[in-house]
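S.K.: Sequence and predicted structure, then a few things I'm wondering about:
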Amino acid sequence: MTGCSRCQQTPGFSEDGTSKTSGSDGSGPTVLRAWGDFSVLDEIHNVHYVIDFSPSNSRILWANTPACTLLGLPLSKIQGLNLNGGNSIATQLEFSLIHQKVQVELGNVDKERTVFPGGKRIHALWRCSPCHVMLPECDKPEVLALITWDNVETGEKLDVSSEQLPLKAASEILRHMPSSSSIYDMEHELCPSIFMCLKTQRYFEGFKSLPADQLEHIDSVEKSNLLCLDKVFSSMIWEDTSEKVLQMEAIKNLQIGEEGINIVCRKKTPGKEDQDCQTWHKFVFIPVFHPFCSTSRRCILLNEFDVTAERTIRADLSLAVRAQAALQDFVAAVSHELRTPLNGILGLAEVLLSKQDLKMSKPLRGIQECGLRLNELVGNIIDVTNIGRGEMNLLWKLVNLNEVAGRVCDSLMRGNKVARGVQLINNMAAGKPLVEGDPYRLQQVLYNLLGNAVKFTSEGRVVVSAEWREKEVVVRVEDSG
């Protein structure tokens, strides 16, 4: 049994459900009436345990009568059972996490677990809740874990002396696979299920698996409760009846070594067959040999996956992609429409500037500068939409870098982007060879680089220069900011 961290004593239990402890000095038992409160759990049918999941000393402290009956063990054999002994490191880590969540953080934990007491398989949902218990010689209650088993499912006892133990062990592994698995004997006219995992059992509640050699000894009522391949087909919602017939025929004729058949369709919900079902499943039918028979009987292994979430995500993604494409089309259309009146404004400003009216030249140049800047912004919006579509095109031609840099510097100076006391210097060498590129994109890049430099330079200078190499030109922007 577990010892109290303070008094280092070990609680035991008397036949009436009360506890008794023996101190480390060998003194006589001390009756703790608080443990008697658990005896009421003997009167209900659910399985209950009291467990201490302390990593250094994980043990079962108490179990009610239904738990003892299910495990086939008396209370004296269950209490004090060391949970760390014989368990894997992964299981010990799991118990440590339960201890942290339940006994330290006072939370609840629900976990599906399978145990094999005496070789008998028992699968259940563990509901772990914190429980305050006054342990002997302690001045305040200790927190333990009260375990309740729900949805208890028992299986046949594994005969360790049987030659089929490896096959039965393999079937136990299949029972707990994430997919829903079942096997059907195709050599029998009914194509009966000879194995189904826990998920399949839950879906086809009331139906059972049975080896084909035992079908001769069951009556018609038992046969009606037998899970057959046709029952699986009837649980699938087919859009086209003719396709259902063709697929069923192809599946039943699958031979060993042939590639399996994959079908994605909706699946009926038990008890709601008359309602519209939005649950999608992927069915994978694979031809295999009979796992429990020495002869080469042909079977079908069915692995089934719930792909509803995957299809929902794909549908949402497709909708989002279409919405994004529609938004890009709208932005591109509006941007092109803006350019029409904008070009008119720029054209009129240029005509008026040509009249050489000194009184109006300054405001007209302001209109022209604003129009050019707005035209640049519209161009950037169109570029973004084109990039989103994968339609970004470059206009390749020979470009004079010195002229491009000069236009950018003039634009920044006229737009009052450069602070007083800051020098904006174009050190591009004149007379250098032309370079191949898109003049608009080069101007855009230089405007962004120089604009960022002058923005963070309050004094000193900003210099743009270039170095011509054998097959490339290196442009540099330097600032004292």
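M.R.: Structure received. Numbers count the residues shown, from 1 in each chain.
S.K.: what bits of the stretch 51-200 of the chain have low per-residue confidence?
M.R.: 85-88, 90, 116-121, 135-138, 151-178 (pLDDT under 70).
S.K.: all strands of it, in order?
M.R.: Taking DSSP state E, counting those that start in this stretch as the criterion, the stretch 51-200 of the chain carries its strands at 59-63, 109-115, 120-133, 142-157, 180-185, 193-196.
S.K.: In the stretch 301-450 of the chain, what residue spans correspond to strands?
M.R.: With DSSP E, counting those that start in this stretch as the criterion, the stretch 301-450 of the chain has strands at 397-399, 422-426, 435-437.
S.K.: Out of the ones you listed, the one nearest residue 126 is which?
M.R.: With Cβ to Cβ, the closest approach to residue 126 among the strands of the stretch 301-450 of the chain belongs to strand 435-437: 68.3 Å. Where you see a C-beta, it was placed from the backbone N, CA and C, and this is true even at glycine.
S.K.: How far off centre is the closest one?
M.R.: Averaging C-alpha positions (Cα atoms, centre = their mean, to the nearest Å) puts strand 435-437 48 Å from its chain's average.
S.K.: Residue 265 sits in which helix or strand?
M.R.: strand 261-267 (DSSP states H and E).
S.K.: for that strand, packing partners?
M.R.: The elements that strand 261-267 packs onto, with contact taken as 3 or more Cβ pairs under 8 Å, 6 or more residues apart in numbering; DSSP states H and E, are strand 236-237, helix 241-252, strand 280-289.
S.K.: winner for burial among the strands of the stretch 301-450 of the chain?
M.R.: The highest average neighbour count among the strands of the stretch 301-450 of the chain, using mean count of other Cβ atoms under 10 Å, belongs to strand 422-426 at a mean of 17.
S.K.: ok, back up a step: which of the helices and strands packed on strand 261-267 sits closest to residue 379?
M.R.: Ranking the helices and strands packed on strand 261-267 by proximity to residue 379 (Cβ to Cβ) places strand 280-289 first, at 45.6 Å.
S.K.: now for that closest one, which elements pack on it?
M.R.: Applying 3+ Cβ pairs under 8 Å, 6+ apart, one finds that strand 280-289 contacts strand 261-267, strand 298-306, helix 308-353.
S.K.: Check those for me: which has the lowest mean pLDDT.
M.R.: Per-stretch mean pLDDT for those is lowest at helix 308-353 (a mean of 85).
S.K.: what packs against that helix?
M.R.: In terms of contacts (3+ Cβ pairs under 8 Å, 6+ apart), helix 308-353 is packed against strand 280-289, helix 358-389.
S.K.: Report the inter-axis angle for the shortest one versus strand 180-185.
M.R.: Calculated by axes from the mean of the first three to the mean of the last three Cα atoms, to 10 degrees, strand 280-289 forms an angle of 40 degrees with strand 180-185.
S.K.: same deal with the longest one?
M.R.: In terms of direction (the same axes, to 10 degrees), helix 358-389 departs from strand 180-185 by 30 degrees.
S.K.: buried sites along helix 358-389?
M.R.: For helix 358-389, burial by neighbour count (16 or more other Cβ atoms under 10 Å) applies to 364, 367-368, 371-372, 375, 378, 382, 385.
S.K.: what do you get for the first one?
M.R.: The neighbour-count criterion (16+ other Cβ under 10 Å) identifies 280-288 as the buried residues of strand 280-289.
S.K.: Throw these into a markdown table and include distance to residue 80, thanks.
M.R.: Below are the buried residues of strand 280-289 laid out as a markdown table (distance: Cβ to Cβ, whole Å):
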| residue | distance to residue 80 |
| --- | --- |
| 280 | 49 |
| 281 | 46 |
| 282 | 47 |
| 283 | 48 |
| 284 | 47 |
| 285 | 50 |
| 286 | 47 |
| 287 | 51 |
| 288 | 45 |
